[in-house]
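In: Requesting a structural model of the entry that follows:
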Amino acid sequence: MNFWQTPEWKAANEAHTDAFLELIESSYEASRLRRVYGPDSPEARAFQYGPQQVLRDRLAAAKAHRRRVEDALTGATP
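Out: Residues are numbered from 1 along each chain as shown. As a prediction, the model looks like this:
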């Protein structure tokens with residue numbers, strides 16, 4: 001069985017994909033806020049450095065977890 005067919009890797013990949021899609025959706029919201037309030041508005045900045053940063057951090061964590069799972073399943077050492 002290939003590593004990408006294992007339940008562990010599928011779960012890690014799904015978490016990574018979900019985090020990526022949430023970040024994309026939040027980018028649309030950030031773009032809307034910049035259009036409505038202006039690029040340097042407090043509303044746009046608060047969203048960019050608040051909720052959107054949380055999503056970027058979540059994506060980075062999910063990507064690292066997926067890589068660790070892949071390394072464990074393939075026997076690679078980080």
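In: can you map out the helices along this protein?
Out: 7-37, 42-49, 51-74 (DSSP state H).
In: My read is that residue 4 contacts residue 13, right?
Out: Yes - the pair residue 4 and residue 13 qualifies as a contact (C-beta atoms under 8 Å) at a distance of 7.4 Å. C-beta here means a position set from N, CA and C on the backbone, and glycine is covered the same way.
In: okay, those two: which has more neighbours?
Out: residue 13 (16 against 11; other C-beta atoms under 10 Å).
In: Pretty sure that one sits against residue 66.
Out: Yes - assessed by C-beta under 8 Å, residue 13 is found in contact with residue 66 at 5.8 Å.
In: Show the contacting residues for the residue nearest to residue 20 when sequence neighbours are not counted.
Out: Nearest non-adjacent residue to residue 20, counting by C-beta to C-beta, 6 or more residues apart in numbering: residue 59, 5.8 Å away. Listed by C-beta atoms under 8 Å, 6 or more residues apart in numbering, the contact set of residue 59 reads 16, 19, 20, 23.
In: Find the centremost residue of this structure, please.
Out: By C-alpha atoms, centre = their mean, the mean C-alpha position of the chain lies nearest to residue 59, the distance being 2.3 Å.
In: any idea how far residue 73 is from residue 4?
Out: From residue 73 over to residue 4 the distance is 9 Å, taken as C-beta to C-beta, to the nearest Å.
In: Go ahead and name everything in contact with the helix or strand bottoming out on mean pLDDT in the chain.
Out: When the helices and strands of the chain are scored by mean pLDDT, DSSP states H and E, helix 42-49 comes last with a mean of 85. With C-beta under 8 Å, 6+ apart as the test, helix 42-49 has contacts from 26, 29, 30, 33, 34, 36, 37, 38.
In: just for the chain, where's the confidence low?
Out: 77-78 (pLDDT under 70).
In: Just the buried subset of the contacts of residue 59, please.
Out: If you count burial by 16 or more other C-beta atoms under 10 Å, the buried members of those come out as 16, 19, 23.
In: is it true that the last one touches residue 56?
Out: Meaning residue 23. Yes - contact criterion C-beta under 8 Å: residue 23 and residue 56 qualify, at 6.3 Å.
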